[in-house]
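Novice: Give me a 3D structure for the following:
(chains A and B)
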Amino acid sequence: MAIRSFLILFILFFFSSLNPILSLYEDQVGLVDWHQQYLGKVKQAVFHTHKTGRKRVVVSTEENVVASLDLRQGEIFWRHVLGSNDVIDGIDIALGKCHYPFIRRKYFESMESSRWADGVGIFSSGSKALKIITNLKIEKDNIVIIFSNGRLNAVSCIDGEVLWEKDFEGESLKVQQVIQPPGSNLIYVVGFVSSSLFEMYQINALNGELLKHESAAFSGGFLGEVSPVFSETVVALDSTGLILLTISFQNGKISFHQTPISNLVKDSFGPAKIITSSVTGIFAIKMNAVTIVIRVKDESKLEVVEKTNHETSISDALSISEGQQAFALVQHASHEIHLRVKLAHNWDDNLLKESVKMDQHRGLVHKVYINNYIRTDKSYGFRALIVMEDHSLLLLQQGEIVWSREDGLASIIDVTTSELPVERDGVSVAKVEHNLFEWLKGHMLKLKGTLMLASPQDVAAIQSMRLKNSEKSKMTRDHNGFRKLLIVLTRAGKLFALHTGDGHIVWSYLLQSLQKSKVCQHPIGLNLYKWQVPHHHAMDENPSVLVIGKCGPSSDAPGALSFVDTYTGKELSSLSLVHSVAQVIPLPYTDSTEQCLHLLIDADKHAHLYPKTPEAISTFEREFSNIYWYSVEDDNGIIKGHALRGKCTGEVADEVCFDTRELWSIVFPSESEKIIAIVTRKLNEVVHTQAKVIADQEVMYKYISRNLLFVATVALKGSVEIGSVTPEESWLVAYLIDTVTGRILHRVTHHGSQGPVHAVFSENWVVYHYFNLKAHRYEMSVIEIYDQSRADNKDVWKLVLGKHNLTSPISLYSRPDVITKSQSYFFTHSVKAIAVTSTTKGITSKQLLIGTIGDQVLALDKRFLDPRRTVNPTQAEKEEGIIPLTDSLPIIPQSYVTHALRVEGLRGIITVPAKLESTTLVFAHGVDLFFTQLAPSRTYDSLTDDFNYALLLITIVALLAAIFVTWTLSERKELQENWR
Amino acid sequence: MKWVEVIVSFILTLSFLSFPSCGFQSDELLVDDEEFGLEGAPQHRSPEPIPTRSPPVTSPTRKRHSDLDSDSKIQFSLDHAFGDSDFSPAGTFSARLKTWSHGGQTLTKLRFSRNNFSDVEKEKFKNLLESDDFYRIRLPSNVLSPPGRDFIISSVKARCLPRESLDEHFVIHMEGVNVLAVNYGSPGSCPYPRNLKLPAKWSFSSHTVLKNSEQAPRAPVFTEEILGGENAEGEVVQPAERSFWAKYWMYLIPLGLIVMNAVTQAMNMPEEQATGQVPAQGQPSAGAVQRGPSSAVRRR
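Specialist: From the prediction side, this is the model:
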């Protein structure tokens, strides 16, 4: 009796714990992964509110996304991510029969049109488009006039047919504006020829007939853009930027009128810039930080209506009723923004004046779009969509922020992670369920689910309970290291801290050092590094990150550093450097406050050490002779190795500046090879075993060096698009280079192959992906490199007696004795990014994470890319885990980490080890963000999250009860026996 | 075009054949590493070439091959520098330039003559040894029009070179007539920490290897049937190989434990019972059988 119950329970328990997980089950989606959708910085927005009930706005962004957003919540209604070659130039909505937003983009040389089922008409055309005019009618057909590629086209709304076209390409005309006077069928095309000749074309919009062509020369020349003020008048600046030109071409007669800016404003602030807007009679100029709004009175009289030091943005005109135009003016005061809506012809009155409190970490207002609606009292109300400096998108209505979107997260430059605070009193932010009753109830529900007794409501309750598990979004460190902060730097120069549990933004900070300022006009964020990682002082010190940026795209632009606390999101300090930043080398040394030493190399090949403390310098000088690095001149095809020489000489005596010297160089022949890919190992990667035991009890020693560099070069002809060269003209060479001595350890040529090459380097192997022109397929190759100099250490006795060279330090100046093994496999997909899983101790087997062209992440076991795979593996090899050789790598649908989701515009995959050896955290970013946990060899070292403790408890209780019952039974039986 | 190539190659072959001293060498394989000592040392075709010793400076090499086609023979110089000093000539490489029928040019028969250190250079080198500094060498990146785009530089810690003499090892990576890189260092190991050791002989023994790129292995191409056939075969056979024990050990062990547990319990029960009792059912095991009769007797 006892035995049987024990057996049943044992088997029950055994099988409940042996629940094999090959891929994700439907109810596991969203448990450990999260997915966020973004758009990127909005370039243009068109309100789509003409139809009743439709409250949407269509936006196009710098990430080449077209999306329709719900105006009430800001949710994405639909979205299309176009490729990086399909730059959207403008969007507009055509009325009448075209109830579609029209989008122009660069695409094909010739004009083509297509219509998507969900309401977007796309007109693809060549180079930069300028203008869309949408409200013209020919009979019943609406036409859309598009200027692009030096050509004016009229397109029918019904079928996208080109009705007429007019070519300006041959006339060396730089078209500035295409103007359509309201209510007429005329189109004016104005532009400059050779910077001093103004030209005007008058065209009949209905048939493309050229009505008039006038030109006039202006000796002063023109600068920049023109702003249309009236239908037959534009404003421009002369070449000095000091004189405003009012150019009118009424009745085909061009006349210039000059107004020096100094006449308008007393104190001039240097050359001005025109801010183009489409508001009738009003334009703005900007001189340094001063914005001046100018009204044009009867053709040529200019009048300053406003002069302000605040940052100002002006929206385009919005016609609200017959002949009335409204526009919005947004000004930035320290903590607030002021929104004013005015009528074009009446500057003095405001239709609307609102002040909105604005988070300072959004920066300045970059763009504003307005839309009107009819209030309940039948008056006009306005809502404004504003794009901020940090690329976020906000909707303002009735003096409030209705919704906001953090679209800066669509353009992530760099990612690093930070630990969360250690749990202690007063640190924990999220509330955790401590109620025993709740806990028991939850587990009873789970038990019901396991025993298949749960009703559908219970199942739903269990699912929601699992998803809402407050444990995972707690703000403290967890035992398994699943909870971390992802610190991301966006292109706008903003830092975000995302929680790995559910992806919410913990804090965000707009870096002042990466903002436009007088000293730095075009700041660029470069990289993020861990600056301080407290281990010993984890309880009382906060970790911090180092943000490196530079001023402008040139290589000698001065750098800027910022140090940001990762718990609070506050900037600790910032530095404007005098030197440039060409390369950053995080050194593996820390000082006593656990700040990591970083070496910054400038464009003149001087090395600068940070932090600039005497302690850091003394630490650094101890390792002085062991620091080497390399630099790559991509366009030149030269790789150089460097070492330090001594303190800087000549210039200002700086304690932390060091001279460098060139140690080696590799010059690729410029006529036959071009560098297209360079990959190194991750600096923080941990390798668990140095040796690999192969099938016949042999040992192979991995050649593990942090100084290995993988370089791929292609033939010059082969560096173009796939399909434009023959296999004979194209080849790809893969190199493994030691970066200390400059030795080429391995060099192999793939004939008939070409890029793009994506590669990943880990432990002693590199995997790279390229296109094989002969086989017309993508291929992936693996190179594994083994050390032969230690190969003699196979004898056990040698090891026992200590007669081996395994503990002696390895010098890279010794002649390397390596062998490589390589193999190529076909792979179906083209690839956007490759990464490899990484774990704390490096014991768990590796998986390659491949970002496919479909914006998904595929996990592929490294075992498939083993160079030792043979057609017929022996029994011993099979036991080792060698898979029989196949010509192509399998794509198993279940092994997509992103399951049903897509990470649109995928750019990078980052893996971070969790504290639990079996698990790795994966973060994929592009326009979307995706995060998940992966266990390449399954979670062998922990019970899964949904492990049923209640079942275990009940099993134990049942066993105890069974023991007790059988014991009493046997007692009683014994007594009876005794009495017999 | 093809005809011209054929004619050129024909003439080349003829011209090579007319010089019996080197005619047999014109069929050399391109892919192999080629290594030459100074005095016409034997050629090594093994992938791990055994370095040949070359005696110190020799100069008469040029005369021996002066009867060859003059433009097919080229020379390029090796420069060296001590620490951060400027480069100065240190030796000369000479080689034969071979033009292939497909238009490619490669170097063969590389020879190297090393200049001996002058006294000043010796002194400089000693300084390098004492300060554990770098000894640097450089080569032109194009052997036809030196220095080409840039010099190829390589360096080694000076303390790695001295043994009895100064031992050095060059691996020159070539791509046609371009020098890509040179691996320069000691022929053996250079253990860390590097100890100061002066060479017994102030002469160089140099080993040079020319290396061209290897061809990558092709991706294996299978026809469907081979793949399917082998896979099917392999998978059908495999389960049969596993023994009964290998398959069911995880069930057998607990079962065995349970049986043992039951048996011991059954064994213990009769012993504990002082007076006659009905023994537990199912006691076919040896121990129980022995006692069986005695309890039966007692009951009577």
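
Novice: and the closest residue to chain A within the stretch 1-150 of chain B, how many neighbours does it have?
Specialist: Here the residue of the stretch 1-150 of chain B nearest chain A is B:S141; by Cβ to the nearest Cβ that distance is 4.2 Å. In short, each C-beta sits where N, CA and C put it, glycine included. Neighbourhood size, B:S141 [other Cβ atoms under 10 Å in any protein chain shown]: 25.

Novice: for B:L97, same thing?
Specialist: Neighbours of B:L97 under the rule other Cβ under 10 Å: 18.

Novice: likewise the one 4 residues further on?
Specialist: Other residues near B:S101 number 13, with proximity taken as other Cβ under 10 Å.

Novice: ok, the closest residue to A:Y825 other than its chain neighbours to chain B distance?
Specialist: Among residues not flanking A:Y825 along the chain, A:L889 sits closest, at 4.9 Å (Cβ to Cβ, 6 or more residues apart in numbering or on different chains). From A:L889 over to chain B the distance is 10 Å, taken as Cβ to the nearest Cβ, to the nearest Å.

Novice: does A:L889 really touch A:R863, like I thought?
Specialist: No: in terms of Cβ atoms under 8 Å, A:L889 does not count as a neighbour of A:R863; the distance is 10.7 Å.

Novice: So those two - more neighbours on which side?
Specialist: More crowded of A:L889 and A:R863, by other Cβ under 10 Å: A:L889, with 20 against 14.

Novice: low pLDDT regions in the stretch 201-300 of chain B?
Specialist: B:222-242, B:270-300 (pLDDT under 70).

Novice: Try it again at 50.
Specialist: Scanning the stretch 201-300 of chain B with the threshold set as pLDDT under 50 gives B:224-239, B:274-300.

Novice: before we move on, back to that, got phi/psi on the residue of the stretch 1-150 of chain B closest to chain A?
Specialist: The phi/psi pair for B:S141 (degrees, to the nearest 10) reads phi -80, psi -10.

Novice: how about it, what does it touch?
Specialist: By Cβ atoms under 8 Å, 6 or more residues apart in numbering or on different chains, B:S141 lies in contact with A:V667, A:P669, B:P147, B:G148, B:R149, B:D150, B:F151, B:I152, B:N178, B:V179, B:L180.

Novice: Go again with 6 Å.
Specialist: A:V667, B:G148, B:R149, B:D150, B:I152, B:V179 (Cβ atoms under 6 Å, 6 or more residues apart in numbering or on different chains).

Novice: Please list the residues of the stretch 151-300 of chain B that sit near chain A.
Specialist: B:152-157, B:160, B:173, B:175, B:178, B:181, B:183, B:185, B:189-190, B:192, B:213-216, B:219-222, B:258, B:277 (Cβ under 6 Å from any Cβ of the partner chain).

Novice: now do 7 Å
Specialist: B:152-157, B:160, B:169, B:173, B:175, B:178, B:180-181, B:183, B:185-192, B:213-222, B:227, B:254, B:258, B:262, B:273, B:275, B:277 (Cβ under 7 Å from any Cβ of the partner chain).

Novice: by contact count, what packs against the longest helix anywhere in chain B?
Specialist: Using DSSP state H, we find that the single longest helix of chain B is helix B:244-272. Judged by 3 or more Cβ pairs under 7 Å, 6 or more residues apart in numbering or on different chains; DSSP states H and E, helix B:244-272 is in contact with helix A:2-17, helix B:286-299.

Novice: From chain B, how far off is the residue nearest the centre of chain A?
Specialist: Chain A has A:I412 as the residue nearest its centroid, 3.2 Å off, counting by Cα atoms, centre = their mean. Counting by Cβ to the nearest Cβ, the gap from A:I412 to chain B is 35 Å.

Novice: Now do the same contact list for that residue.
Specialist: Counting by Cβ atoms under 7 Å, 6 or more residues apart in numbering or on different chains, A:I412 touches A:V488, A:T490, A:H925.

Novice: Turn the residues you listed into a markdown table, including distance to chain B, secondary structure and pLDDT.
Specialist: Below are the contacts of A:I412 laid out as a markdown table (distance: Cβ to the nearest Cβ, whole Å; DSSP: H, G, I helix; E, B strand; the rest coil; pLDDT from 0 to 100):
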| residue | distance to chain B | secondary structure | pLDDT |
| --- | --- | --- | --- |
| A:V488 | 38 | strand | 94 |
| A:T490 | 39 | strand | 93 |
| A:H925 | 32 | strand | 94 |
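
Novice: So what does A:M465 have for phi and psi?
Specialist: According to degrees, to the nearest 10, A:M465 has phi -70, psi -40.

Novice: State the number of residues packed around it.
Specialist: Using other Cβ under 10 Å, A:M465 is surrounded by 15 other residues.

Novice: Could you double-check that it lies in contact with A:G442?
Specialist: Yes: with contacts counted by Cβ atoms under 7 Å, A:M465 reaches A:G442, the gap being 5.9 Å.

Novice: Do a quick rundown of the helices in chain B.
Specialist: B:2-17, B:20-23, B:61-64, B:119-131, B:224-241, B:244-272, B:286-299.

Novice: residue ranges with poor pLDDT in chain A?
Specialist: A:1-2, A:9, A:12-22, A:96-101, A:104-130, A:427-433.

Novice: Walk me through the domains of it.
Specialist: A:411-423+A:474-578, A:425-472, A:582-667, A:948-979 (the TED database).

Novice: ok, the closest residue to chain A within the stretch 201-300 of chain B - contacts?
Specialist: Nearest residue of the stretch 201-300 of chain B to chain A, counting by Cβ to the nearest Cβ: B:A219, 3.9 Å away. Neighbouring residues of B:A219 by Cβ under 7 Å, 6+ apart: A:A775, A:E779, A:S824, A:Y825, A:F826, A:D887.

Novice: before we move on, the earlier item: what separates the residue of the stretch 1-150 of chain B closest to chain A from B:S72, distance-wise?
Specialist: 21 Å (Cβ to Cβ, to the nearest Å).

Novice: Tell me how many other residues crowd A:V415.
Specialist: When neighbours are counted by other Cβ under 10 Å, A:V415 registers 18.

Novice: again but with A:T568, I slipped
Specialist: 14.

Novice: Wait, a strand at it?
Specialist: No: under DSSP: H, G, I helix; E, B strand; the rest coil, A:T568 sits outside any strand and is assigned coil.

Novice: so who does it touch?
Specialist: If you count contacts by Cβ under 7 Å, 6+ apart, A:T568 has them with A:N542.

Novice: Appreciated, that's everything.
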